[in-house]
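Asks: Coordinates for the following, if possible.
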Amino acid sequence: RLRSEFARLAEDLGRWVNQTPTVNRQGGVLTEAQYQDARQARRLFKDSLLQCWRRETRNAVGYVLFVPGSIPGELPPLSADFAHVASLQINGSSGTTGLDGFLQHLPGLVHLEMVNFELPGLPQAITAMPELRQLVARNCALSLSPSDQRILASSPLLSLLDLQNNPLAHAPDLRAIPTLREVNLAATGIRTVPADLLDHPQLIIGNFSNNAITELPEPLYTLGAELSNGYCFADNPLSTDTRERIRRHYLRTGTHFAVLPEHVDIARVGNLFPQMNIGQVTDLLYRLPGTLAEGREQLTRWEAELTVLVGDLSRWENDTPERDPATHRPLNINEMFTEQVAREAFARSLESFWRYRFSDHPERFRLELKFIGDLPALNADFSHVPLLTFVGNPHIGAIDPFLQRFPGLRGLHLKNFTLNQLPTALARMPKLRTLSLDHCHLTLPADGQLALAAPHMLDTLELANNPLGSPPDLTRLPALTYLDLSRCGLSTIPVGLA
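Replies: Below you'll find the predicted structure:
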């Protein structure tokens, strides 16, 4: 019997291959190349069917029939028994017909995936698939008629429904499918979320992206992080109020239903802080103080601040010293060029310091300063910079005003500068824990001790290779755990050391 069944199937499929149409659905004649492609697609489908009948396509799910290429014309008639097939993945086209009749020979399907068909409705054959658990019908021109809804409700075990990219007239009634755990209605044009979405007894995953939804159901905002992660409402024209609700939900749970901020806001942040990925951009925009509109005002302030910074740095770059500060000799053309290159490099790095305000890599704020003359006068805020390490030279000035723009420092390392005394900017660095001033021509008179007392959190102090004159008063530094005063020419030990 089996031999006879296989022979008949092979004969029927061979005849079907030989009947490959020579015209398309619109009546246009196929070129020779198009005809050969269509015939080859049918031949490959025939081979897949014969393999499947012979039980040669088993995987963990069961026996699988996979049809990757689109099949022109009508699907083949099946005279053999394919009830053993558990999974069918078939790719059609607008010219593929006969799907319902074909499916009637596969009543044992657990997984049915149909893509790129032009169907008048869901195949009636689905009602005769009692084991069906997963139904995928993407880009199949479905509108979800009442008949389609009844077909869906007839599947007693259906746990996954994927109708992505179909022009649905309305959202399906998910309450009629009580076993459903996952639904994909992305790009279906629906304007409202399915009724009583969160009252469904089983549903935990829902993709409603790229639709025309403007409002979300109120119960969604009460979900915790784990359940919230199961729902996606990206790329919908959500109202301003809905976006505000999503932002507040994100602040509470860290989840946002895959709803990103407005594209224009994402682009603005990208222009300001190009190192940030989309997750970081979203977190920044949702965590800015106030409403989303007030957050945009902060973006405007940052944009204005960056514009001023770029202008200040540009003017400083071009204000190259004309004379060597040590000998007062005019700089030659090569020295002028070298100075210009060094200033340009420092300006770009400083701009990068500003842009990397959300960086977790403090090593970005380490530089060797190869120019001469004053540091740039800044108006921008660098309070976000946690660590500053500069290796300079004795011919760099205006260090104290420059440091005034870095009040948030936790660590300051300067080497090879001419400071003469402690920078007064230290008094405006309440978070400073580490201070290292090496080879900075530093002296420490009695009235200069006060600057050290301002950073109450200071636990590391390194003043090596400086002609201090007198040691620091350690009674002003109660949190200090490490001290380096080597090669400072001291004749007395610091007060408070013992």
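Asks: Could I get the buried residue list for stretch 306-313?
Replies: For stretch 306-313, the buried set under the neighbour-count rule, 16 or more other CB atoms under 10 Å, comprises 306, 309, 312-313. In short, each C-beta sits where N, CA and C put it, glycine included.
Asks: now do stretch 464-475
Replies: Of all the residues in stretch 464-475, those buried under the rule 16+ other CB under 10 Å are 464-466, 468, 470-474.
Asks: swap in stretch 122-129?
Replies: Within stretch 122-129, the residues that count as buried by 16+ other CB under 10 Å are 122-123, 125-126, 129.
Asks: Dump the buried residues of stretch 464-475 to TSV, plus pLDDT, distance to residue 178 and secondary structure.
Replies: Conversion of these to TSV gives the following (pLDDT from 0 to 100; distance: CB to CB, whole Å; DSSP: H, G, I helix; E, B strand; the rest coil):
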residue	pLDDT	distance to residue 178	secondary structure
464	97	75	coil
465	97	78	coil
466	96	79	coil
468	94	81	coil
470	91	84	coil
471	92	80	coil
472	91	76	coil
473	88	77	coil
474	90	74	helix
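Asks: Longest helix in the protein, please.
Replies: Under DSSP state H, the helix in the chain containing the largest number of residues is helix 292-318.
Asks: Averaged pLDDT, it. What do you get?
Replies: Per-residue pLDDT values across helix 292-318 average out to 96.
Asks: picking that back up, ok, which pair from the buried residues of stretch 464-475 is furthest apart?
Replies: Pairwise distances across the buried residues of stretch 464-475 peak at 20.5 Å for 465 and 473 (criterion: CB to CB).
Asks: Quick one: residues contacting the residue nearest to the spatial centre of the chain.
Replies: The residue lying closest to the centre of the chain (CA atoms, centre = their mean) is residue 278, at 3.5 Å. Residue 278 makes contact with 260, 266 under the criterion CB atoms under 8 Å, 6 or more residues apart in numbering.
Asks: now swap in residue 274 and tell me
Replies: The contact partners of residue 274, taken as CB under 8 Å, 6+ apart, are residue 355.
Asks: at 10 Å instead, please
Replies: Taking CB atoms under 10 Å, 6 or more residues apart in numbering, we find residue 274 in contact with 352, 355-356.
Asks: Could you tell me which of the residues you listed count as buried?
Replies: For these, a neighbour count by 16+ other CB under 10 Å gives the buried set as 355-356.
Asks: Quick check: which of the contacts of residue 274 has the minimum pLDDT.
Replies: In terms of pLDDT, the lowest of the contacts of residue 274 is residue 356, showing 85.
Asks: shouldn't that residue be in contact with residue 387?
Replies: No. The pair formed by residue 356 and residue 387 falls short of the contact definition of CB atoms under 10 Å, at 11.7 Å.
Asks: just to revisit the earlier point, from the contacts of residue 274, pick the one nearest residue 300.
Replies: residue 355 (16.5 Å).
Asks: who's in contact with that closest one?
Replies: 271-276, 302, 306, 309, 364.
Asks: What is the neighbour count of the residue nearest to residue 324 when sequence neighbours are not counted?
Replies: Excluding the flanking residues, the one nearest residue 324 by CB to CB, 6 or more residues apart in numbering is residue 331, at 6.3 Å. Look at residue 331: counted by other CB atoms under 10 Å, it has 16 neighbours.
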